[in-house]
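Chemist: whatever this is, show me its structure:
(one chain, ligands or ions: 1)
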Amino acid sequence: MEELFNLCCLNVLLRNVRSFIFTVTILTLGTAVFMLNGLPSEYDKIYFDQFPAGFRFGIATASYQVEGGASHRGKNIWDTFSHTPGNIEDGSTGDEACDSFRNYETDVKNVAALGLDFYRFSISWSRLIPTGVISEGISESGLDYYHKLLNKLEEEKIEAMVTLYHWDLPQKLQDYGGWTNVSLAERFQEYADLCFKSFGPKVKRWITFNEPRETSLGGYEIGYMAPGYKLHGTGTYNTSYTILRAHAAAYRLYAERYRNLQFGEVGITLNCDWAQPVDNSVANRDAADRFLQWYIGIWAHPILLGDYPAVIKETVKSKTNAKGFRKSRLPEFSQDEIDYIKGTFDFLGLNSYTTRMVQYKQCSDEDDHYNCDQDLRAFADPSWPTSGSSWLRPVPWGIRKLLSWIKHQYPNYREIVVTENGVSDRPESVTLCDQPRVNFFQNYLNNVLMAIRIDEVNVVGYTAWSLMDNFEWAHGYTERFGLFWTSFDRPDKLRTMKASGLFYKKIVESRGFPSKQTLLDWLEEVDNYC
Ligand SMILES: CCCCCCCCCCCCC/C=C/[C@@H](O)[C@H](CO[C@@H]1O[C@H](CO)[C@@H](O)[C@H](O)[C@H]1O)NC(=O)CCCCCCCCCCCCCCCCC
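Modeler: As a prediction, the model looks like this:
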């Protein structure tokens with residue numbers, strides 16, 4: 001009996017010791033994970049592995065945001081928009097920006113200093129064709145600028161990923177209605193033809209459009225982007241129709257005339273936030289799905305699967321009918337157009353920065369616009385960290401979920417290149433010590449790695465935004481996204497590497513996250529850099 005009692009006590013004691021050790025271990029691991037990532041969530045555990053062989057790392061900029069040299073090109077819609085008082089937070093313009101027009105050699109040197117495989121930049125349409133209409137003339141000095149930039153990249157063995165349209169439409173084309181005018185698809189094809197013919201042998205990947213959603217929604221429906229139209233209910237849908245046709249026209253031209261000679265690839269860059277339903281109810285899961293369909297599906301579905309998503313076609317039609325109009329606010333594609341647009345991609349470019357919580361909510365907005373058509377409420381969880389941009393809350397696990405969603409939604413997606421990912425701050429004075437950006441890249445890149453290794457998504461490249469601080473659209477120079485600090489007040493617009501640049505270089509050098517110890521060493525080095 002006594003023996004039994006002792007055994008029982010011993011067992012209780014052992015159980016207590018085991019449970020004590022287990023609790024301490026979990027707490028220690030939890031704290032370590034929290035310290036490494038800033039967020040103690042399951043998705044934020046660091047996964048140690050390398051990116052697959054052949055994976056490419058790069059960094060991006062866009063013409064209006066960095067080039068300056070405005071007097072050496074034709075006028076574009078961002079010149080007009082930024083020179084109109086009240087449109088830009090600090091009243092600034094991109095007239096000078098980072099002056100990459102003169103500093104392009106430094107830019108290439110800085111890309112090389114990070115050890116990167118490619119540089120993503122965009123061509124300014126009005127620098128090549130001042131009025132946007134090719135029959136009205138081509139600028140030799142414009143051609144010369146991009147030839148010099150491409151030659152320099154070649155010298156440094158850095159691949160070029162070139163965006164044809166990153167929001168800076170020639171003003172004269174805007175005067176004809178911009179992307180609401182379907183004939184712009186032909187003007188875009190002529191411009192693309194000139195680019196393919198002139199620069200094609202030196203370009204590995206072409207991106208037709210950067211974030212057409214922002215062009216359409218920000219530029220033509222809400223109005224916080226150039227050209228600043230507020231066409232509620234129709235702006236996004238009408239311009240999406242022209243842009244999709246323009247994209248397909250450029251893709252098909254390359255496929256027919258250039259691919260066999262130049263061996264490049266053509267894709268489009270779509271942007272998307274992950275949509276996390278607030279709970280598991282059907283209503284909220286459906287709402288999250290609608291968020292994604294309206295965000296990315298409106299572009300991806302016609303290109304990958306053919307035509308607009310059914311839920312968008314049906315909803316917009318019934319909402320338009322309910323207002324007493326017969327013809328849907330969403331344009332209808334003919335079968336020929338559906339076939340023409342379908343399949344026009346060699347890869348899918350994805351820009352992703354943040355996540356939204358999504359909940360079903362019936363919309364009663366009389367304006368009946370793009371957001372209202374979705375019948376939902378999208379918001380940031382208050383517990384998520386903030387950044388220098390009100391819309392950007394770092395949520396690293398969101399990109400992994402989004403990549404997986406794309407894989408399942410579009411089984412024929414071929415390959416994904418993350419063409420932008422990054423975070424902003426608003427430092428009061430010069431600081432190269434951007435620890436939150438270091439955390440951001442660590443956690444987002446690690447989630448991309450998990451999407452590849454665990455979820456088996458075919459992501460073949462990653463692009464950090466941005467090479468250096470630059471003109472951040474409606475926010476002017478108030479928000480900084482660069483891995484290099486830009487001294488805008490100096491005539492030479494000096495660029496200086498930030499701690500995040502050093503950290504990204506480490507990941508690129510070792511092609512991933514080799515071990516916990518290596519990561520800790522990098523973080524210490526980054527800390528000492530500050
Ligand atoms: C006219 C005012 C109307 C106000 C209506 C506000 C509605 C805001 C809706 C929220 C929009 C969130 C937009 C976020 C979009 C991002 O997905 C997108 C990502 O783009 C890529 O990322 C890089 C970083 O942004 C970018 O540099 C890169 O080029 C691009 O590929 N980002 C953007 O589109 C940038 C713009 C966001 C700006 C949204 C807020 C606009 C609020 C207007 C403030 C102007 C204040 C003027 C004050 C004047 C005072 C005299």
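Chemist: residues contacting the residue nearest the centre of the chain?
Modeler: Most central residue of the chain, judged by C-alpha distance to the mean C-alpha position with Cα atoms, centre = their mean, is residue 351 at 1.9 Å. If a contact means Cβ atoms under 8 Å, 6 or more residues apart in numbering, then residue 351 has 210-211, 269-272, 418-421, 465 as its contacts. For the C-beta atoms, the positions are set from N, CA and C on the backbone; glycine is no exception.
Chemist: could you give the bridge partners of it?
Modeler: residue 271, residue 420 (DSSP bridges).
Chemist: ok, back up a step: just the buried ones among the contacts of residue 351, please.
Modeler: Among these, those scoring as buried are 210-211, 269-272, 418-421, 465 (criterion: 16 or more other Cβ atoms under 10 Å).
Chemist: how about the residues of the stretch 151-300 of the chain that lie near the ligand?
Modeler: Proximity of the stretch 151-300 of the chain to the ligand, by Cβ under 6 Å from any ligand atom, involves residues 210-211, 214, 218, 222-224, 271.
Chemist: before we move on, the earlier item: so the residue nearest to the centre of the chain versus the ligand, what's the distance?
Modeler: The span separating residue 351 from the ligand equals 6 Å under the rule Cβ to the nearest ligand atom, to the nearest Å.
Chemist: what of residue 366?
Modeler: Residue 366 is 17 Å from the ligand, by Cβ to the nearest ligand atom.
Chemist: repeat that for residue 133.
Modeler: In terms of Cβ to the nearest ligand atom, residue 133 sits 25 Å off from the ligand.
Chemist: just say helix, strand or coil for residue 462.
Modeler: At residue 462 the chain is in strand, as set by DSSP: H, G, I helix; E, B strand; the rest coil.
Chemist: how close does it get to residue 356?
Modeler: The spacing between residue 462 and residue 356, counted by Cβ to Cβ, to the nearest Å, is 22 Å.
Chemist: these two: which is more packed in?
Modeler: For residue 462 versus residue 356, neighbours defined as other Cβ atoms under 10 Å are more numerous around residue 462 (27 against 22).
Chemist: for residue 192, which non-adjacent residue is spatially closest?
Modeler: In space, residue 192 comes closest to residue 250 once its chain neighbours are excluded; the distance is 3.8 Å by Cβ to Cβ, 6 or more residues apart in numbering.
Chemist: just checking, the one you found touches residue 208?
Modeler: Yes - Residue 250 is in contact with residue 208 according to Cβ atoms under 8 Å; the separation is 4.9 Å.
Chemist: need the overlap of contacts for the two.
Modeler: Residues within reach of residue 250 and of residue 208 at once, by Cβ under 8 Å, 6+ apart, are 164, 192, 266.
Chemist: can you tell me the helix or strand for the second one?
Modeler: For residue 192, the host element (DSSP states H and E) is helix 184-199.
Chemist: neighbours of residue 518, how many?
Modeler: Each residue near residue 518 was counted by other Cβ under 10 Å, and the total is 14.
Chemist: how is it assigned, secondary-structure-wise?
Modeler: Criterion first, three-state DSSP; result for residue 518: helix.
Chemist: gap between the closest residue to residue 198 other than its chain neighbours and residue 258?
Modeler: Among residues not flanking residue 198 along the chain, residue 143 sits closest, at 5.8 Å (Cβ to Cβ, 6+ apart). Between residue 143 and residue 258 the computed distance is 17 Å (Cβ to Cβ).
Chemist: swap in residue 252?
Modeler: Taken as Cβ to Cβ, the spacing of residue 252 relative to residue 258 amounts to 11 Å.
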